[in-house]
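[1] Compute the structure for the input listed below.
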Amino acid sequence: MRAKQESALVRELLEWWSQNQRIFPWRNARNPYHILVAEVLLHRTRANQASRAYEKFLERYPTIEVLAAADSGELLDLLKPLGLSWRAALLRSMAEMIVRDHGGLIPEAAEELKSLPGLGDYIASAVSTHDIALLGVSYKETIIETVAASFITVVALLLDAIESLKKN
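    Numbering: from 1, shown residues only. Below you'll find the predicted structure:
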């Protein structure tokens, strides 16, 4: 019974998503560098604000190698409007490490990604998930199903907590 309810909820969330999604330039990104940049820019920042910076960023730093060689002051000026200047140093540090230690290739495994400075579970997972598309699975649907599964878990925990409180 619970599996049917979860499946119905996933279908409802996918339907809601198809009608209410906002369009952002990183949504269909498959390049792990672009995904990494998007996720770092989106950290604690409104998506519409990150969107403007994302496009300018990729125009100026189209590859991880160009970013690794970036002028720190110029990079800081580009990211300053986001309000979190620490991202400039973080992105450059990540790029330098990727070029030096990984030959300019973004690591595919989440565990390897987490060895990069400033990368935690969430961003590592987002960047490594791009490989799912290579296996013939829809990236968007996989992400939505992951979010839906997390949402269902949270709702179930809340309902259990409410029931527990009612009993006490």
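[2] C-alpha from now on. contacts and neighbour counts both.
    OK.
[3] how near is Asp121 to Val99?
    Per CA to CA, to the nearest Å, Asp121 is found 21 Å from Val99.
[4] Tell me the spacing between the closest residue to Ala29 other than its chain neighbours and Ser128.
    Among residues not flanking Ala29 along the chain, Ile35 sits closest, at 6.4 Å (CA to CA, 6 or more residues apart in numbering). The gap separating Ile35 from Ser128 is 9 Å, by CA to CA.
[5] swap in Lys80?
    27 Å.
[6] between those two, who's got more neighbours?
    A direct count of neighbours by other CA atoms under 10 Å for Lys80 and Ser128 places Ser128 higher, at 20 against 15.
[7] Correct me if wrong: the more buried one contacts Ile106.
    No. At 9.1 Å, Ser128 does not count as touching Ile106 under the criterion of CA atoms under 8 Å.
[8] quick one: low-confidence parts of this structure?
    Along the chain, segments meeting pLDDT under 70 span 1-3, 5-6, 130-158, 161, 168.
[9] mind listing the helices in it by residue range?
    In the chain, the helices defined using DSSP state H lie at 2-20, 32-42, 47-60, 64-68, 72-79, 86-102, 110-113, 121-128, 131-134, 139-167.
[10] can you count the residues close to Gly104?
    The number of residues near Gly104, taken as other CA under 10 Å, comes to 17.
[11] All good on my end, thank you.
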